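Colleague: Predicted model and sequence follow; I will ask about them next.
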Amino acid sequence: MLSVEHVTKQYGPNRAVDDLCFSIGTGQIAGLLGANGAGKSTTMNMITGYLPISSGRIHLHEHEIAEHPKEFKRHIGYLPEFPPLYHDMSVTEQLRFACSLRRAGTKSYRDEEIRRVCALTHIEEMKDRLIGHLSKGYKQRVGLAQALIGSPELLILDEPTAGLDPRQIIEMRNLITQLKEQHTILISSHILSEIASICSRLLIIDHGRLVADDTPEHLMRAAAAENLLLLRIKGTPDQAKRLLDPIESITGFTNSISAEPGCCDCTIESAANVDLRDRIFYACAAASVPIRLLQPKNPTIEDMFIQMTEHKEPYRL
Amino acid sequence: MKALYQKELQQYFTSMTGYIYLAIFLGISGIIFTTGNLLSNNGDIKVFFSSLFSVLIFILPILTMRLFSEEKKLKTLQLLYTMPVSAAEIVLAKFFAALTIFALGILVTTVYPLILSLFGTVELLVTLGSYCGIALLASLAIAIGLTVSVMTENQIVAAAVSYSILLVLWLADSISSFLSVPLLPQLLKALSLRQNFSEFTLGIFNPARVIFFISCSAYLLYVSSLMVEHRRGA
């Protein structure tokens, strides 16, 4: 189990990561979310030993990173945003080098291990090519194959789909889904829907602090604490305002010209336990304003992310 | 460390640096031997070694300039930092790989004393002492170049700074004669590469000189591994 305890990273007067605490159980797949500069890569770099920690402790089972760095690193496979590959080596040479650095068994075991990771990442046909001649997608796969050498217990993947085309993104996502059977995975990505579809748990970082730590379902439910309704009427925004203003339970609304000619779209906010649909219907009927659309608006993962990173206080620690 | 050493050695030849270094070294040493010994009908091997010393000062930075600078630039140091290897292992692997390429070149020059021995007598102790001195000098020059390489990601800057340091240390005894500040001339003389090397070419195996080269190299390698550890993620 990975355990991050009160970890802080200080760069001069700036605190990139501030008192970060979380743990990931064996077999879990956790997503690390955050805006640019939130501290995701810094956190991952500290967990892998690439960056020294200013204060705090990181454990993987009984191994503490500062006390047993070699033993700790032996159990971690890391794919940074830009895979660290030697462009003048062939794929096989690169993977053999990674095997040797990990001190992964005998020569025959290493050959078998290289075959295994190449098959898993579908790079068998590229084995003898120079890395410098490979496309971005293949380099990413070689980077992942390198991280998988020696079957490390914990896989840390920083933006594994960055710069890939849609087909490659789907392939990479399927591959990661396959990997979660055998590894504990910590993954970061800007593509929130991708993270939500792969991960069983989300960690949201904002300004170096953990602001949310829960399952995607629970976080979405928390984001839906406010009721949102989408209303489309045949009329003008002024008419919509005159209709909605008298309804007391509405906590806020915005309206805009609809894509449908002659119509107006309104997003209506109310408390979570209030259902406004009947009252809106009667108000429109009384004013003889036709309703073209009235439906609850479910928050997307993007809405949830924005809401969480706007919170002043942590959602759950 | 073996894997790192092999990788470094392989990269000298995939990046052409090894070939370029060996071509320049063997070309210049061949010219020195031909003009200084063969064409001059001179059987004294000291002539060859004295000139070889100044050649090495100029060309050893070719071997060391890429050691860390290139890894930093390509961000491949991130791989080494996140693998179960220590900073000392990384530094030593790179040091010994550079030393191996130097040794390959110097090994070829062993035919020169053999050629001279066909025409006369070659002083064995002088020859052995000179090779020993050259090896120690190269170790120090490589350690200096490696330390500079840790500090920059620009290979040209690494080579230029290494060359400048080596030049100052080479000329240190000459510079010291112009200084009137107390202790500084003595210090410069003690650090002078020429001063420390010249006894070897006379066949004198002075332990103080050996300790000077070994301790300075070891100290620089130690400092390099501390810097590598300290500059993690930089």
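Modeller: Sure, I can see it. Residues are numbered from 1 along each chain as shown, chains lettered A, B, ... in the order given.
Colleague: How about chain B: which residue is closest to chain A?
Modeller: B:Ala3 (3.1 Å; C-beta to the nearest C-beta). All C-beta spots, glycine's among them, are computed from the backbone N, C-alpha and C.
Colleague: Mind pulling up the pLDDT for that residue?
Modeller: pLDDT recorded at B:Ala3 is 85.
Colleague: ok, now A:Ser90?
Modeller: We have a pLDDT of 92 for A:Ser90.
Colleague: for it, phi and psi?
Modeller: With angles defined as degrees, to the nearest 10, A:Ser90 sits at phi -80, psi 170.
Colleague: these two touch, right, it and A:Lys127?
Modeller: Yes: counting by C-beta atoms under 8 Å, A:Ser90 does reach A:Lys127; the two are 7.2 Å apart.
Colleague: Please identify which of the two sits among more neighbours.
Modeller: Between A:Ser90 and A:Lys127, counted using other C-beta atoms under 10 Å in any protein chain shown, A:Ser90 has the larger neighbour count: 18 against 15.
Colleague: Identify the residues contacting that one.
Modeller: A:Lys127, A:Asp128, A:Arg129, A:Leu130, A:Ile131 (C-beta atoms under 8 Å, 6 or more residues apart in numbering or on different chains).
Colleague: Okay, now the unreliable bits of chain B?
Modeller: In the predicted model, chain B carries pLDDT under 70 at residues B:233-234.
Colleague: mind checking how far the closest residue to A:Ile233 other than its chain neighbours is from chain B?
Modeller: In this structure, A:Ile233 finds its nearest non-sequential neighbour in A:Val289, 5.1 Å apart by C-beta to C-beta, 6 or more residues apart in numbering or on different chains. A:Val289 sits 61 Å away from chain B, taking C-beta to the nearest C-beta, to the nearest Å as the criterion.
Colleague: thought A:Val289 was touching A:Leu231?
Modeller: No: applying C-beta under 8 Å as the test, A:Val289 and A:Leu231 come out as separate, 10.2 Å apart.
Colleague: Those two: who's more crowded?
Modeller: Per other C-beta under 10 Å, whichever of A:Val289 and A:Leu231 has more neighbours is A:Leu231, with 25 against 18.
Colleague: ok, that one touching A:Lys297?
Modeller: No: here A:Leu231 does not reach A:Lys297: they are 9.7 Å apart, not a contact under C-beta under 8 Å.
Colleague: overlap in contacts of those two?
Modeller: Here A:Leu231 and A:Lys297 have A:Thr267 as joint contacts, going by C-beta under 8 Å, 6+ apart.
Colleague: returning to that earlier point: name the SS class of the residue nearest to A:Ile233, please.
Modeller: coil (DSSP: H, G, I helix; E, B strand; the rest coil).
Colleague: contacting residues for it?
Modeller: A:Ile233, A:Lys234, A:Gly235, A:Gln239, A:Leu243.
Colleague: Could you count how many residues lie near the second one?
Modeller: To tie it back to what came earlier, the one meant is A:Lys234. Residues lying near A:Lys234 (other C-beta under 10 Å) number 16.
Colleague: roughly how far apart are the nearest residue to it once chain neighbours are set aside and chain B?
Modeller: Take A:Lys234 and drop its neighbours on the chain: the residue closest to it by C-beta to C-beta, 6+ apart is A:Pro290, 4.4 Å away. Distance, A:Pro290 to chain B, using C-beta to the nearest C-beta: 61 Å.
Colleague: count of residues packed around A:Pro290?
Modeller: 12.
Colleague: A:Cys21 and A:Glu5 touch, don't they?
Modeller: Yes: A:Cys21 lies in contact with A:Glu5 (C-beta under 8 Å); the separation is 5.9 Å.
Colleague: what about stretch B:19-37 and chain A, touching?
Modeller: No: Stretch B:19-37 does not reach chain A (C-beta under 8 Å from any C-beta of the partner chain); its nearest approach is 13.4 Å.
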